[in-house]
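Undergrad: Next comes the sequence, and after it the predicted model I'd like to discuss.
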Amino acid sequence: MNKTMKIALIPAAALLLAACSSSPSGADYDKIALQVKQNSFQAKGIATMDRLQPDEANSLCSAADVAGKPLDEKTAKAIEAAELKTVKMPSDGKFLGDWKEGEKIAQSGRGLTWSDKADAANGGNCYNCHQMDKKEISFGNLGPSLYNYGKLRGVTDPNAAASKAIVEYTWGKLWNARAYNACSQMPRAGHKGILTEKQLQHVMALLLDPKSPVNQ
(Lines give C-alpha, C1' and ligand atoms only; values in the text may rest on other atoms or scores of the structure.)
Protein backbone atom coordinates (compact mmCIF):
# COMPACT_ATOMS: atom_id res chain seq x y z
CA MET A 1 0.00 0.00 0.00
CA ASN A 2 1.46 3.35 -0.99
CA LYS A 3 1.76 6.35 1.31
CA THR A 4 -1.10 8.27 -0.33
CA MET A 5 -3.52 5.40 0.18
CA LYS A 6 -2.46 5.00 3.84
CA ILE A 7 -3.12 8.69 4.49
CA ALA A 8 -6.48 8.47 2.74
CA LEU A 9 -7.57 5.59 4.98
CA ILE A 10 -6.70 7.26 8.30
CA PRO A 11 -9.95 9.29 8.67
CA ALA A 12 -12.02 6.27 7.66
CA ALA A 13 -10.23 4.09 10.22
CA ALA A 14 -10.89 6.66 12.93
CA LEU A 15 -14.56 6.72 12.03
CA LEU A 16 -14.72 2.93 12.13
CA LEU A 17 -13.10 2.83 15.57
CA ALA A 18 -15.58 5.39 16.85
CA ALA A 19 -18.47 3.39 15.44
CA CYS A 20 -17.14 0.21 17.03
CA SER A 21 -17.74 1.59 20.53
CA SER A 22 -21.22 0.27 19.78
CA SER A 23 -22.45 -1.95 16.99
CA PRO A 24 -21.83 -0.14 13.64
CA SER A 25 -24.98 0.60 11.73
CA GLY A 26 -25.51 0.55 7.99
CA ALA A 27 -25.31 4.35 8.07
CA ASP A 28 -21.88 4.14 9.75
CA TYR A 29 -20.57 1.89 6.99
CA ASP A 30 -22.05 4.18 4.34
CA LYS A 31 -20.17 7.14 5.84
CA ILE A 32 -16.94 5.15 5.94
CA ALA A 33 -17.31 4.03 2.33
CA LEU A 34 -18.07 7.58 1.17
CA GLN A 35 -15.09 8.97 3.05
CA VAL A 36 -12.76 6.37 1.53
CA LYS A 37 -14.00 7.26 -1.93
CA GLN A 38 -13.68 10.99 -1.32
CA ASN A 39 -10.13 10.56 -0.04
CA SER A 40 -9.12 8.16 -2.80
CA PHE A 41 -10.46 9.98 -5.87
CA GLN A 42 -9.82 13.40 -7.29
CA ALA A 43 -11.52 15.45 -9.97
CA LYS A 44 -9.88 15.10 -13.36
CA GLY A 45 -11.23 16.50 -16.60
CA ILE A 46 -14.98 16.00 -16.86
CA ALA A 47 -14.90 13.31 -14.13
CA THR A 48 -15.72 15.49 -11.13
CA MET A 49 -16.32 14.61 -7.49
CA ASP A 50 -20.10 14.97 -7.79
CA ARG A 51 -20.09 11.50 -9.34
CA LEU A 52 -19.49 10.11 -5.86
CA GLN A 53 -22.72 11.58 -4.52
CA PRO A 54 -25.68 9.21 -5.04
CA ASP A 55 -29.13 10.73 -5.50
CA GLU A 56 -32.02 9.59 -3.32
CA ALA A 57 -33.13 6.84 -5.71
CA ASN A 58 -29.60 5.40 -5.86
CA SER A 59 -29.28 5.48 -2.08
CA LEU A 60 -32.62 3.78 -1.47
CA CYS A 61 -32.05 1.11 -4.12
CA SER A 62 -28.51 0.41 -2.90
CA ALA A 63 -29.76 0.01 0.67
CA ALA A 64 -32.44 -2.43 -0.50
CA ASP A 65 -29.84 -4.38 -2.46
CA VAL A 66 -27.56 -4.62 0.58
CA ALA A 67 -30.52 -5.75 2.70
CA GLY A 68 -31.27 -8.43 0.12
CA LYS A 69 -34.90 -7.46 -0.38
CA PRO A 70 -36.80 -5.26 -2.84
CA LEU A 71 -38.07 -1.81 -2.01
CA ASP A 72 -41.49 -1.69 -0.43
CA GLU A 73 -44.21 -0.83 -2.94
CA LYS A 74 -44.91 2.63 -1.51
CA THR A 75 -41.26 3.71 -1.76
CA ALA A 76 -40.88 2.23 -5.25
CA LYS A 77 -43.98 4.04 -6.50
CA ALA A 78 -42.77 7.31 -4.98
CA ILE A 79 -39.42 6.99 -6.78
CA GLU A 80 -41.13 6.18 -10.07
CA ALA A 81 -43.49 9.15 -9.74
CA ALA A 82 -40.61 11.52 -9.00
CA GLU A 83 -38.48 10.17 -11.86
CA LEU A 84 -41.40 10.32 -14.30
CA LYS A 85 -41.59 14.08 -13.74
CA THR A 86 -38.06 14.43 -15.16
CA VAL A 87 -39.01 12.95 -18.55
CA LYS A 88 -38.99 15.59 -21.29
CA MET A 89 -40.67 14.85 -24.58
CA PRO A 90 -38.88 15.88 -27.83
CA SER A 91 -38.77 19.65 -28.15
CA ASP A 92 -39.56 19.44 -31.87
CA GLY A 93 -42.30 16.85 -31.42
CA LYS A 94 -40.37 14.26 -33.42
CA PHE A 95 -39.60 10.94 -31.73
CA LEU A 96 -37.63 9.23 -34.49
CA GLY A 97 -34.41 10.20 -36.21
CA ASP A 98 -32.11 8.09 -38.40
CA TRP A 99 -31.77 4.43 -37.41
CA LYS A 100 -28.34 4.22 -39.05
CA GLU A 101 -27.07 6.90 -36.69
CA GLY A 102 -28.90 5.16 -33.85
CA GLU A 103 -27.03 1.94 -34.58
CA LYS A 104 -23.69 3.76 -34.31
CA ILE A 105 -24.71 5.25 -30.98
CA ALA A 106 -26.01 1.96 -29.59
CA GLN A 107 -22.81 0.13 -30.52
CA SER A 108 -20.51 2.76 -29.00
CA GLY A 109 -19.39 2.71 -25.39
CA ARG A 110 -17.27 5.85 -25.70
CA GLY A 111 -17.59 8.84 -23.42
CA LEU A 112 -17.80 10.31 -19.92
CA THR A 113 -14.22 9.45 -18.92
CA TRP A 114 -11.77 12.03 -17.60
CA SER A 115 -9.94 12.07 -20.94
CA ASP A 116 -13.06 12.94 -22.97
CA LYS A 117 -13.98 16.51 -23.82
CA ALA A 118 -17.13 17.96 -22.28
CA ASP A 119 -18.62 18.67 -25.72
CA ALA A 120 -17.75 15.26 -27.20
CA ALA A 121 -20.65 13.00 -28.24
CA ASN A 122 -21.14 9.99 -25.98
CA GLY A 123 -22.07 6.50 -27.06
CA GLY A 124 -25.16 4.75 -25.70
CA ASN A 125 -23.31 1.55 -24.73
CA CYS A 126 -26.57 -0.34 -25.44
CA TYR A 127 -24.74 -3.41 -26.77
CA ASN A 128 -23.21 -3.99 -23.36
CA CYS A 129 -26.58 -5.07 -21.93
CA HIS A 130 -28.83 -5.90 -24.91
CA GLN A 131 -28.92 -7.87 -28.13
CA MET A 132 -30.22 -5.68 -30.97
CA ASP A 133 -29.40 -7.48 -34.20
CA LYS A 134 -29.61 -11.19 -35.04
CA LYS A 135 -26.18 -10.92 -36.69
CA GLU A 136 -24.52 -10.01 -33.38
CA ILE A 137 -22.41 -12.75 -31.87
CA SER A 138 -21.33 -10.86 -28.76
CA PHE A 139 -23.61 -8.79 -26.55
CA GLY A 140 -24.50 -8.34 -22.91
CA ASN A 141 -27.51 -9.93 -21.26
CA LEU A 142 -28.02 -7.77 -18.19
CA GLY A 143 -31.04 -6.38 -20.02
CA PRO A 144 -33.53 -8.19 -22.28
CA SER A 145 -32.96 -8.72 -25.99
CA LEU A 146 -34.18 -5.77 -28.05
CA TYR A 147 -34.25 -7.72 -31.30
CA ASN A 148 -37.62 -7.18 -33.01
CA TYR A 149 -38.46 -4.57 -30.35
CA GLY A 150 -40.88 -2.58 -32.50
CA LYS A 151 -42.10 -5.55 -34.54
CA LEU A 152 -43.12 -7.55 -31.46
CA ARG A 153 -45.08 -4.55 -30.22
CA GLY A 154 -46.95 -4.12 -33.45
CA VAL A 155 -45.28 -0.86 -34.50
CA THR A 156 -45.57 -0.95 -38.28
CA ASP A 157 -45.85 2.85 -38.50
CA PRO A 158 -44.28 4.78 -35.60
CA ASN A 159 -46.22 7.89 -36.60
CA ALA A 160 -49.62 6.19 -36.47
CA ALA A 161 -51.97 7.02 -33.59
CA ALA A 162 -52.08 3.33 -32.67
CA SER A 163 -48.36 3.39 -31.95
CA LYS A 164 -48.43 6.50 -29.74
CA ALA A 165 -48.43 4.71 -26.38
CA ILE A 166 -45.45 2.44 -27.10
CA VAL A 167 -43.52 5.27 -28.80
CA GLU A 168 -43.95 7.57 -25.78
CA TYR A 169 -43.17 4.75 -23.36
CA THR A 170 -39.96 3.90 -25.23
CA TRP A 171 -38.90 7.54 -25.19
CA GLY A 172 -39.57 7.76 -21.45
CA LYS A 173 -37.68 4.52 -20.82
CA LEU A 174 -34.62 5.83 -22.66
CA TRP A 175 -34.87 9.23 -20.96
CA ASN A 176 -35.22 7.87 -17.43
CA ALA A 177 -35.78 4.14 -16.94
CA ARG A 178 -36.49 4.61 -13.25
CA ALA A 179 -39.77 6.28 -14.14
CA TYR A 180 -41.02 2.75 -14.87
CA ASN A 181 -38.82 0.61 -12.65
CA ALA A 182 -37.63 2.29 -9.44
CA CYS A 183 -34.34 0.42 -9.20
CA SER A 184 -33.61 -0.10 -12.88
CA GLN A 185 -29.91 -0.42 -13.63
CA MET A 186 -30.39 1.10 -17.08
CA PRO A 187 -28.55 4.43 -17.47
CA ARG A 188 -30.87 7.45 -17.33
CA ALA A 189 -29.63 8.57 -20.73
CA GLY A 190 -31.71 11.71 -21.13
CA HIS A 191 -32.13 12.78 -17.52
CA LYS A 192 -28.42 12.52 -16.77
CA GLY A 193 -27.33 14.09 -20.04
CA ILE A 194 -25.57 10.98 -21.31
CA LEU A 195 -27.23 11.31 -24.71
CA THR A 196 -28.59 14.42 -26.38
CA GLU A 197 -32.17 14.74 -27.56
CA LYS A 198 -31.04 14.22 -31.16
CA GLN A 199 -29.09 11.09 -30.21
CA LEU A 200 -32.13 9.70 -28.40
CA GLN A 201 -34.23 10.28 -31.51
CA HIS A 202 -31.72 8.24 -33.51
CA VAL A 203 -31.80 5.38 -30.96
CA MET A 204 -35.60 5.51 -31.02
CA ALA A 205 -35.47 4.99 -34.79
CA LEU A 206 -33.18 2.00 -34.30
CA LEU A 207 -35.75 0.42 -32.01
CA LEU A 208 -38.95 1.36 -33.80
CA ASP A 209 -38.32 2.03 -37.48
CA PRO A 210 -39.57 -1.01 -39.47
CA LYS A 211 -36.53 -0.61 -41.78
CA SER A 212 -34.08 -0.89 -38.88
CA PRO A 213 -32.14 -4.17 -38.58
CA VAL A 214 -33.63 -4.47 -35.12
CA ASN A 215 -37.02 -5.16 -36.72
CA GLN A 216 -35.91 -7.36 -39.62
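TA: Right, received. Where do you want to start? Predicted, not measured: the structure shown is a model, and the values here were computed from it.

Undergrad: CA atoms for contacts and neighbours, from now on please.
TA: Noted.

Undergrad: Which element is encountered next along the chain beyond the helix or strand of the chain at the bottom of the mean pLDDT ranking?
TA: Within the chain, no helix or strand scores below helix 3-19, which has a mean of 52 by mean pLDDT, DSSP states H and E. Next along the chain after helix 3-19, taking DSSP states H and E as the criterion, comes helix 26-40.

Undergrad: Over the very next helix or strand once past that following helix, what's the mean pLDDT, rounded is fine.
TA: Note on helix 26-40: by DSSP H and E, the next helix or strand toward the C-terminus is helix 56-67. For helix 56-67, mean pLDDT rounds to 90.

Undergrad: Please apply the same query to stretch 185-203.
TA: For stretch 185-203, the per-residue pLDDT averages 97.

Undergrad: Could I get the buried residue list for that stretch?
TA: Residues 186-191, 194-203 are the ones in stretch 185-203 that count as buried (16 or more other Cα atoms under 10 Å).

Undergrad: what's in contact with that stretch?
TA: Residues external to stretch 185-203 that are found in contact with it (Cα atoms under 8 Å, 6 or more residues apart in numbering): 86-87, 90, 94-103, 105-106, 112, 121-124, 171, 174-178.

Undergrad: one more time with 7 Å, if that's ok
TA: By Cα atoms under 7 Å, 6 or more residues apart in numbering, the residues outside stretch 185-203 that reach it are 86-87, 90, 95-99, 101-103, 106, 122, 124, 174-177.

Undergrad: now do stretch 127-143
TA: 106-107, 144-147, 213-214.

Undergrad: top of these by neighbour count?
TA: residue 214 (24 neighbours; other Cα atoms under 10 Å).

Undergrad: ok, now which ones touch that residue?
TA: Contacts here follow Cα under 7 Å, 6+ apart; on that basis residue 214 touches 132-133, 147-149, 206-207.

Undergrad: Please pick the buried ones from those.
TA: By neighbour count, with 16+ other Cα under 10 Å, the contacts of residue 214 hold 132-133, 147-149, 206-207 as buried.

Undergrad: Lowest-confidence one in these?
TA: Lowest pLDDT among those: residue 133, 90.
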